[in-house]
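**Student:** This is the structure alone, sequence omitted:
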C-alpha cells in the first residue's frame, strides 16, 4: 500500500483476517500448504455460511462438494477462526477413522501455532500438558478433540460438532454401514452438547448414497442450511457471498475451472462410472445404474401459457394416507395438451391427511378447469375417487388399478417418452426433486412422482381420440378427426 508504513499495512491485514473468515482462510491455506490458494467464488460462499453459523444465525449447516476441493482446509480455518473469537469454545471433529479426524485436528493446531495467527488472535494459546495427539486444550478451557465413527465420546462435551466424512465410500454402499453411522450420530454424538440450546452442527463431505448422513438428517423435518456445490452446475442459482454480494452460477458452470477443468471431470466420469461420479462430483447419489429415464427426452419450455391455450388439461394423482414425518408424499401433476405435445404445468408433492388432500384435489381441479382427473386405484385412492364423483366435478374422473410392477409400468412407457413430446419447464420450484426421483428410480427412496407420471402416460397413450377431441362452448365435439353429438359437463 503506497504511503503506508509496513506496520500499518500488517495491522490492517490482521484486522481484515480477524473480521473476515474468507481472508483468514487465505492465510490459513497458505500456512497449511506453503503456497497461495487458487480462489473461486464457492470458497467465499462457504465462508459466508460458516460466519453465519458462528454468529448464531443458523445452528445446522451442510456443505456438500466434490473431493479434493479444500473442504478440510476450509473446516480447519473455520475452527481456528472460531477459537480466535472465543477461545473457550469446544469442538468435536468426527470422521470415519481416527487417523483422518486427527489429521483434521492437526491442521487446526498448525494454524494456531503459526506466528501469523498469533498476531491476529493473541488470546489463543494451547495449554501446556494438554497438547495431545488426539486433542488439545486452550489455556482458557477451549478444546478441539478428534473422534472416529463408533469411537468413545462418553464424558466429553462440546459446543460445535464438525462431521467430515462420517462414512467410507464402500461402507456407505452397505445398509449395515449406513445404519451404524447414523446410529452413532443419533445415540452418541447428539447428546454431547454442553448447551443444547446453542448447539452448532456442521456436516461436510461429498454425497455417497441417498440414505447417507446428509440424506438422513434432511429427511427428519429439522431445519438445515445446505450449500450444495456440484462440480458442474445443473441449474441456474444465485448464491450469497456476504456483505450484499451475490454469485450467479449458471447451468453448466464449473465449480473450480482452474483446479478441476472440464477435461478432468470427463476423465473422472469414465473412471468412476455414472453412478459414483454423480454422487461424489455432482452430489446426486440417486442416479441409478438401472435408470429407465433419460432426462434429455424432455424438451424444455420457457413460459407457461394461460389455461385457454391448452386443448386438454389432465391431472394425475398418486395419493398417500397421512401427513406424518415418515409417510409417503401425495403427488399431483397437471399436464396441458396442445398440437400433439404435452406440457407439465404444475406439480404438488406434499404430505397431507385425507381432508386436506380432498380439498387440495378439488381446488386444483377447479383452478385448472381440468378435463380429466386420474386417481391411482390403490389404498386411499378409491375413497378419494368416490369423494370426487360425489362432488360431481366436470370431466372424466377415473380410478385405474395399477397392473404390474412400478418398474414394468414405467419401462413400458419409455418409448412414449422418447418421442420428446413431453415438455418440462426450464425452471420451477419442484423441478429438481422431480429430476432427482426420475434418475433415482427404481433405487431411490421415493417413487411417488414416478407413479403419477406413469399413470398419466398410460392414460394419454390409451385415449388418443379423446386427447385430440376439441369441444365447443355448447359441449359438443368440433374436432375434425372425430365427430360426435355427445356432450359433457364443463366449467
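**Tutor:** Received the coordinates, thanks. Here the structure is a predicted model, which means the values were calculated and not measured.
**Student:** For the helix or strand hosting residue 81, which residues meet the burial criterion?
**Tutor:** Using DSSP states H and E, residue 81 sits in helix 71-85. For helix 71-85, the neighbour count (16 or more other Cβ atoms under 10 Å) marks 71-84 as buried. Where C-beta positions appear, they are placed from N, C-alpha and C, glycine not excepted.
**Student:** Residue 371: which of these is nearest?
**Tutor:** residue 71 (51.0 Å; Cβ to Cβ).
**Student:** so who does that closest one touch?
**Tutor:** Going by Cβ atoms under 8 Å, 6 or more residues apart in numbering, residue 71 touches 63, 65, 164, 204-205.
**Student:** Would you quantify the distance from it to residue 25?
**Tutor:** Here the criterion is Cβ to Cβ, to the nearest Å. By it, residue 71 lies 12 Å from residue 25.
**Student:** Report how many residues lie close to residue 122.
**Tutor:** Residue neighbour count, defined by other Cβ atoms under 10 Å, stands at 9 for residue 122.
**Student:** Same check on residue 469?
**Tutor:** Using other Cβ under 10 Å: residue 469 sits among 20 other residues.
**Student:** For the chain, which element, helix or strand, carries the lowest mean pLDDT?
**Tutor:** helix 274-280 (a mean of 84; mean pLDDT, DSSP states H and E).
**Student:** Could you identify the helix or strand that succeeds that helix?
**Tutor:** Past helix 274-280, the next helix or strand by DSSP H and E is strand 300-301.
**Student:** Could you give the average pLDDT over that following strand?
**Tutor:** In this model, strand 300-301 has a mean pLDDT of 94.
**Student:** and it, what does it pack onto?
**Tutor:** Contact analysis of strand 300-301 by 3 or more Cβ pairs under 8 Å, 6 or more residues apart in numbering; DSSP states H and E lists strand 422-425 as its packing neighbours.
**Student:** Just checking: what are the partner strands of the strand it packs on?
**Tutor:** Pairing partners of strand 422-425, with direction, according to DSSP bridges: strand 300-301 (parallel), strand 341-350 (parallel).
**Student:** Need the residues that contact that strand.
**Tutor:** 297-302, 304, 341-344, 416, 431, 434, 457.
**Student:** With adjacent residues omitted, what lies nearest to residue 404?
**Tutor:** Take residue 404 and drop its neighbours on the chain: the residue closest to it by Cβ to Cβ, 6 or more residues apart in numbering is residue 412, 7.8 Å away.
**Student:** Model confidence for the one you found, exactly?
**Tutor:** At residue 412, pLDDT is 88.
**Student:** in the stretch 351-491 of the chain, what spans have low per-residue confidence?
**Tutor:** 471-491 (pLDDT under 70).
**Student:** Could you pull out the strands in it for me?
**Tutor:** Secondary structure of the stretch 351-491 of the chain (DSSP state E, counting those that start in this stretch): strands located at 372-375, 396-398, 422-425.
**Student:** Please work out which of those is packed deepest.
**Tutor:** Burial of the strands of the stretch 351-491 of the chain is given as mean neighbour count (mean count of other Cβ atoms under 10 Å); strand 372-375 ranks first at a mean of 25.
**Student:** Packing partners of it?
**Tutor:** Contact here means 3+ Cβ pairs under 8 Å, 6+ apart; on that basis strand 372-375 packs against strand 312-318, helix 354-368, helix 381-390, strand 396-398, helix 448-462.
**Student:** out of the ones you listed, which comes closest to residue 440?
**Tutor:** helix 448-462 (9.0 Å).
**Student:** Identify each buried residue in that closest one, please.
**Tutor:** Within helix 448-462, the residues scored as buried using 16+ other Cβ under 10 Å are 448-460.
**Student:** the inter-axis angle of it versus strand 341-350?
**Tutor:** Computed by axes from the mean of the first three to the mean of the last three Cα atoms, to 10 degrees, the angle separating helix 448-462 from strand 341-350 equals 150 degrees.
**Student:** which residues are in contact with helix 448-462?
**Tutor:** With contacts defined as Cβ under 8 Å, 6+ apart, helix 448-462 is touched by 314, 316-318, 320, 328-333, 335, 337, 342, 347, 349, 372, 374, 376, 398, 400, 402, 406, 409-410, 413, 416-417, 422, 433-434, 437-438, 441, 467.
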